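Undergrad: I need the structure of the sequence given here:
(one chain, ligands or ions: 1)
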Amino acid sequence: MGLITIVLVALLIGLGIHIFIKRIKFMRLRDECGFDGPPIGFIQFLIGHMYDIVKDAIVNGPENGAYFVIKLHEKYGETFGHYFGWHFAVRTTDPVIMKEVFIKQFGNFTDRENNTYTMGYPLGESLLQIGRDGPHEYGWKEVRSITSPIFTTGKMKAMLPIMHERVVTLIDVLKSKAVDGRINVDVYDEFQALTMDVIGRTAFGVQADSLHDRNDTFYVNGRNFFNEFTIEKSWMLLVSIMVPFLGTICRPYSKLNGYQQIIAKNLTEVVTERRKRMESGWTPKGQVDLIDLLLQQDIIRQQNENKPPMHIDTIVSNCYGFLLAGYETTSTALAFTAWLLAKNPHVQEKLYAEIVEKVGNDSKARGEYDVVMKLPYLDAVFQESLRIRPPVIFFSSRTCVKETYINGFKFTPGTHVGSPVHAIHWDPNLWPNPEVFDPERFIDGKPAHEMAWVAFGVGPRHCVGQRFAEMEYKFALLELIQSFKLELTEKSDDPLQHRVNIVVLRPLNGVHLALVPRD
Ligand code: HEM
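TA: Numbering: from 1, shown residues only. A predicted model of the protein is given here:
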């Protein structure tokens, strides 16, 4: 054996021993910080409890994905720790710890839970994932400060006509599908086309028409991305979580990355054009979309703070983030609600009665923000639907950036902390008979405490698009219920099955219903 070979072998052995010792130290972190949690065997030592999650999905089927974390809470209490590949993650539903992490000590938990996939372009620069230090000279705080003003009530009202036109188109499309006075459809598919068109038109500046054409490029790429965004289908996501540095290397070669690069490329062209238009003095008036509003906020920031324009990648990433956040979530919320209303006709009829009484056939009132957003029973249905079937369950998460102690537990930099929304919303101590769909809960009473209803997250990093989502949901549901009676059919799931796709909860088999026109 030559000298070089001996040196190389010695180096490799040294590196192996170094990684091994580091890993042993890392595996002791949970005990050192005072958390209980699932056992650590040989496999968990190598790849963490991701193994248990994947095994559970294979053994029990994807429809049980949401219950894995609930079982862990039942066994190890409100707060426990487990290993996600090379990350240590704490899961908590304890309202005191949640309040500290998400609100009071936000400065110690500014960043979102992340991995080498979500940190890459375009996702990593969007508000969804950006940390306190972004790839350019600004981070989450600056991006949030230009993004929040585009979701004010005033801006929503200006965007409403684009959204409302699509909602009316959806109803026309559905009516055109009637056979013998009934429309048998997968409403999830229809709502996905609606939300894709709305986000395409408001955030991407494209005249997406997925409602009429399911081959629309925008729709196809968006859907492909979401269908691929699961741990079973995307090996790259799994690698990014389990072995972060390999995730960075493999990322460019994955299918998932391919879909998002196509969308980002198209979007870069639109943003470049729009920026040129705005730099030449054009300002958004009348009907506006999110790109124009974002670029306008950036100009205001440049003037007020004497800063250079934000990098085009940041603007593109944020519009892309709006697609991710706005397409799947709202369509899922609407589809879950449609099923819940079909299953509970007394709730559906009460909602219909409110719509007839307060809005009737007054087409002006039906398109009016202040009227629709303030219908009390519609609001109760919205809140209860998102309680019983929250579309986003694993995204209320943070990464600790500064060591701190909460309730006797130690949190060290790099530790992930997440609060599974469904574990809170399905807790019988907070919501008696949690499996019963009962909008009256939100008319007669209030949640047990401020952390008991967290469908849009908590604190300064809560969902920035909540108003947008609520507006789209309420206008779409109002038109749907005014036009049709929803019924379950022999094709409907009963009970409704769901599955987890990374952070979202979505119907497993679509939502097949019969729509019976009311007139
Ligand atoms: C029913 C629909 C929606 C639900 C249930 C939902 C839920 C959530 C949740 C749980 C979070 C994490 C909050 C936290 O960490 O505390 C979040 C963040 C976010 N959402 Fe939504 N969302 C919805 C729709 C939307 C829409 C329509 C948009 C934009 C058009 C949007 C944009 C965002 C963004 C950008 C963030 C990251 C905020 C930040 O980190 O500062 N969401 N959403």
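
Undergrad: going forward, measure contacts between C-alpha atoms and count neighbours the same way
TA: Fine.

Undergrad: Which of the three states applies to the residue of the stretch 101-250 of the chain found nearest the ligand?
TA: Minimum separation of the stretch 101-250 of the chain from the ligand (CA to the nearest ligand atom) falls at Leu128, amounting to 3.9 Å. Reduced to three states with DSSP: H, G, I helix; E, B strand; the rest coil, the structure at Leu128 is coil.

Undergrad: which outside residues touch the helix or strand where Phe475 lies?
TA: Assigned by DSSP states H and E, Phe475 belongs to helix 466-483. Helix 466-483 is contacted from outside by 151-153, 156, 163-164, 167-168, 171, 326, 330, 333-334, 348, 351-352, 355-356, 366-367, 369, 372-373, 378-379, 382, 456, 517-519, using CA atoms under 8 Å, 6 or more residues apart in numbering.

Undergrad: Which residues of the stretch 351-500 of the chain lie near the ligand?
TA: Applying CA under 6 Å from any ligand atom, we find that the stretch 351-500 of the chain lies next to the ligand at 391-392, 395-397, 455-458, 461-466, 468-469.

Undergrad: quick one: least confident helix or strand in the chain?
TA: Counting by mean pLDDT, DSSP states H and E, the weakest-scoring helix or strand in the chain turns out to be helix 235-242, with a mean of 68.

Undergrad: The residues of the stretch 351-500 of the chain next to the ligand in helices, which ones?
TA: Gln466, Phe468, Ala469 (DSSP state H).

Undergrad: tell me which of those residues is nearest to the ligand?
TA: Using CA to the nearest ligand atom, those come closest to the ligand at Ala469, 4.2 Å.

Undergrad: Surely Asp313 is in contact with Ser126?
TA: No - applying CA atoms under 8 Å, one finds Asp313 not in contact with Ser126, separated by 9.1 Å.

Undergrad: Compare these two (neighbour count), which wins?
TA: Ser126 (27 against 19; other CA atoms under 10 Å).

Undergrad: which SSE is the nearest residue in space to the more buried one that is not next to it in sequence in?
TA: In this structure, Ser126 finds its nearest non-sequential neighbour in Asn318, 4.4 Å apart by CA to CA, 6 or more residues apart in numbering. Using DSSP H and E, Asn318 maps to helix 312-343.

Undergrad: what's that helix packed up against?
TA: Secondary-structure packing of helix 312-343 (3 or more CA pairs under 8 Å, 6 or more residues apart in numbering; DSSP states H and E): helix 187-203, helix 255-279, helix 290-305, helix 345-358, helix 376-388, helix 466-483, strand 484-488, strand 504-507.

Undergrad: Buried residues, that helix. List them.
TA: 313-343 (16 or more other CA atoms under 10 Å).

Undergrad: check those against the ligand, which are close?
TA: Okay, of the buried residues of helix 312-343 touching the ligand (CA under 6 Å from any ligand atom), that's Phe322, Ala325, Gly326, Thr329, Thr330, Ala333.

Undergrad: TSV for those residues, including pLDDT and distance to Met27?
TA: Formatted as TSV, those follow (pLDDT from 0 to 100; distance: CA to CA, whole Å):
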residue	pLDDT	distance to Met27
Phe322	90	37
Ala325	89	34
Gly326	87	37
Thr329	94	35
Thr330	96	39
Ala333	98	38
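
Undergrad: out of those, what pair is the most spread apart?
TA: Phe322 and Ala333 (16.2 Å; CA to CA).

Undergrad: mind showing which ranges of the protein have poor pLDDT?
TA: Confidence mapping of the chain against pLDDT under 70 gives the ranges 1, 116-118, 229-237, 240-242, 244-245, 247, 286-287.

Undergrad: if we go to 50?
TA: Scanning the chain for pLDDT under 50 picks out no residues.

Undergrad: and Arg441, how far is that from Gly37?
TA: Arg441 sits 34 Å away from Gly37, going by CA to CA, to the nearest Å.

Undergrad: Show me which of those two is the more surrounded one.
TA: Gly37 (19 against 16).

Undergrad: list the buried ones in stretch 502-515?
TA: Quick answer for stretch 502-515 (16+ other CA under 10 Å): Ile502, Val504, Leu505, Arg506, Pro507, Asn509, Gly510, Val511, His512, Leu513, Ala514, Leu515.

Undergrad: first to last residue in it, what's the distance?
TA: Termini of stretch 502-515 sit 31 Å apart (CA to CA).

Undergrad: let's have the chain start at 47 instead
TA: New numbering, starting at 47: the last item is stretch 548-561.

Undergrad: That one and the ligand, any residue contact?
TA: No - in terms of CA under 6 Å from any ligand atom, no part of stretch 548-561 sits within range of the ligand; the closest distance is 8.7 Å.

Undergrad: Show me the contact partners of that stretch.
TA: Against stretch 548-561 from outside (CA under 8 Å, 6+ apart): 109, 112, 228-235, 275-277, 375, 378, 381-382, 385, 388, 435-441, 530-535, 537-539, 542-546.

Undergrad: same thing but at 7 Å, please
TA: 109, 228-234, 275-277, 378, 381, 385, 436-441, 530-535, 537-538, 543-546 (CA atoms under 7 Å, 6 or more residues apart in numbering).

Undergrad: Now list the buried members of the contacts of helix 512-529.
TA: Here, 16+ other CA under 10 Å leaves 197, 202, 209-210, 213-214, 217, 372, 376, 379-380, 394, 397-398, 401, 412-413, 415, 418-419, 424-425, 428, 502, 563 buried among the contacts of helix 512-529.

Undergrad: Make sure Ile363 is actually in contact with Leu174.
TA: If you look again at residue 363, you'll see it is Ser, not Ile. No - counting by CA atoms under 7 Å, Leu174 is not a contact partner of Ser363; they are 9.5 Å apart.

Undergrad: that older thread, report the buried members of the contacts of stretch 548-561.
TA: Counted by 16+ other CA under 10 Å, the contacts of stretch 548-561 give 109, 228-234, 275-277, 378, 381, 385, 436-441, 530-534, 538, 543-546 as buried.

Undergrad: Show me what from the stretch 97-246 of the chain comes close to the ligand.
TA: Close to the ligand, as judged by CA under 6 Å from any ligand atom, the stretch 97-246 of the chain has residues Leu173, Leu174, Arg190.

Undergrad: same thing but at 8 Å, please
TA: Phe148, Arg158, Ser172, Leu173, Leu174, Gln175, Ile176, Trp186, Arg190, Ile245 (CA under 8 Å from any ligand atom).

Undergrad: Let me see the domain layout of the protein.
TA: As given by the TED database, the domain ranges for the chain are 47-79, 80-563.

Undergrad: end-to-end on the last one?
TA: Using CA to CA, the span of domain 80-563 from its first residue to its last is 59 Å.

Undergrad: ok, now which ones touch whichever residue of the stretch 247-396 of the chain sits closest to the ligand?
TA: As assessed by CA to the nearest ligand atom, the ligand sits closest to Gly372 within the stretch 247-396 of the chain, at 3.5 Å. By CA under 7 Å, 6+ apart, the contact list for Gly372 reads Ile245.
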